[in-house]
Structures are given as C-alpha cells and as structure tokens.
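Student: Kindly return the folded structure for what I paste below:
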Amino acid sequence: EVQLAESGGDLVQAGGSLRLSCAASGFAFDDYAIGWFRQAPGKQREGVSCIGSKSIFYADSMKGRFTISRDNAKSTVYLQMNSLRPEDTAVYLCAAAYGHCRPDFRFDYWGQGTQVTVSS
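Tutor: Residues are numbered from 1 along each chain as shown. So this is what the prediction gives:
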C-alpha cells in the first residue's frame with residue numbers, strides 16, 4: 001500500500017522555523033520526485049517546492065526561506081521552513097511523481113497533509 005505521511009506541522013510565531021517530514025512507503029522512492037504543496041482556507045492549492053534525483057525547485061515566495069532535502073535511505077523528504085510569516089499558514093501536503101518534478105498538480109500519490117499555523 002502506497003503511503004505518504006506528513007508530520008512536523010505546528011503553531012509557531014512569525015519569524016520562527018519548522019521542519020516538515022514526508023515519510024513514504026509502498027513504492028520505489030528513489031524513482032520518484034517528491035513535491036510539497038500547501039492549501040490555505042479559501043485559497044487555491046499552490047506548489048511550494050519539489051525535489052527530484054538531480055533537481056530542486058522552489059516557488060518564488062519560498063526561495064531563501066525554505067529548503068527541501070531528501071534521505072533516500074529513509075524514504076523521507078524534509079522541508080525546512082525558516083522566517084515563517086502568517087501568510088505561510090496552510091495545510092502542507094507532500095506528493096510523489098514518477099521520474100521528475102511536474103509543473104502542475106498531476107502527481108501520482110498524495111499525503112493527507114499537516115497543519116502549519118503562523119501567528120503574528
């Protein structure tokens with residue numbers, strides 16, 4: 001059974017940091033790109049970052065603040081989030097795409113998400 005399990009979401013003050021984890025199982029993790037997305041109430045889902053075997057992408061508003069990394073031995077992808085802002089408040093989801101990061105939401109598998117709340 002394919003599973004993507006996010007963790008690490010929390011309530012944090014503006015300027016603070018969090019590290020999210022996405023633990024994968026049930027598929028050949030090394031062959032997949034893993035993306036992070038977020039969805040805030042009343043807003044469309046947006047891409048945050050994505051990591052493939054040789055490439056990394058960030059949304060413009062996250063560059064310099066967020067860092068994505070992967071540990072293939074643990075089948076886990078991390079998202080280190082620094083200098084958090086109230087507008088970063090959202091449910092953060094990870095997703096897996098076979099081969100490469102995709103410039104849309106057509107990923108193969110999705111997690112359930114973890115809540116990040118940034119207070120002002």
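Student: which non-adjacent residue is nearest the residue nearest to the spatial centre of the chain?
Tutor: Taking C-alpha atoms, centre = their mean, the centroid of the chain lies closest to residue 36, which sits 2.5 Å from it. Among residues not flanking residue 36 along the chain, residue 48 sits closest, at 4.2 Å (C-beta to C-beta, 6 or more residues apart in numbering). Glycine gets a C-beta too; all of them are placed from N, C-alpha and C.
Student: Low-confidence stretches in the chain?
Tutor: Along the chain, no part satisfies pLDDT under 70.
Student: buried residues in stretch 5-16?
Tutor: With burial defined by 16 or more other C-beta atoms under 10 Å, the residues of stretch 5-16 counted as buried are 6, 8-9, 12.
Student: again but with stretch 96-110, I slipped
Tutor: Buried, per 16+ other C-beta under 10 Å, within stretch 96-110: 96-97, 101-102, 107, 109-110.
Student: Then stretch 19-30?
Tutor: When burial is assessed from 16+ other C-beta under 10 Å, stretch 19-30 yields the following buried residues: 20-24, 27, 29.
Student: Tell me where this protein has strands.
Tutor: Using DSSP state E, the strands of the chain run over residues 3-7, 11-13, 18-25, 32-39, 46-51, 56-58, 66-71, 76-81, 90-98, 109-110, 114-119.
Student: Show me what residue 33 is bridged to.
Tutor: Beta-bridge partners recorded for residue 33 (DSSP bridges): residue 97.
Student: Surely it and residue 52 touch.
Tutor: Yes: counting by C-beta atoms under 8 Å, residue 52 is a contact partner of residue 33 at 3.9 Å.
Student: joint contacts of these two?
Tutor: 99-101 (C-beta atoms under 8 Å, 6 or more residues apart in numbering).
Student: so can I have TSV of those showing distance to residue 91?
Tutor: TSV is the format used below for these (distance: C-beta to C-beta, whole Å):
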residue	distance to residue 91
99	26
100	25
101	20
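Student: Name the member of those residues with the shortest distance to residue 63.
Tutor: Proximity of these to residue 63 (C-beta to C-beta) peaks at residue 101, which lies at 15.2 Å.
Student: ok, and the closest non-adjacent residue to that closest one?
Tutor: Leaving aside its chain neighbours, residue 101 sits nearest to residue 50 (3.7 Å; criterion: C-beta to C-beta, 6+ apart).
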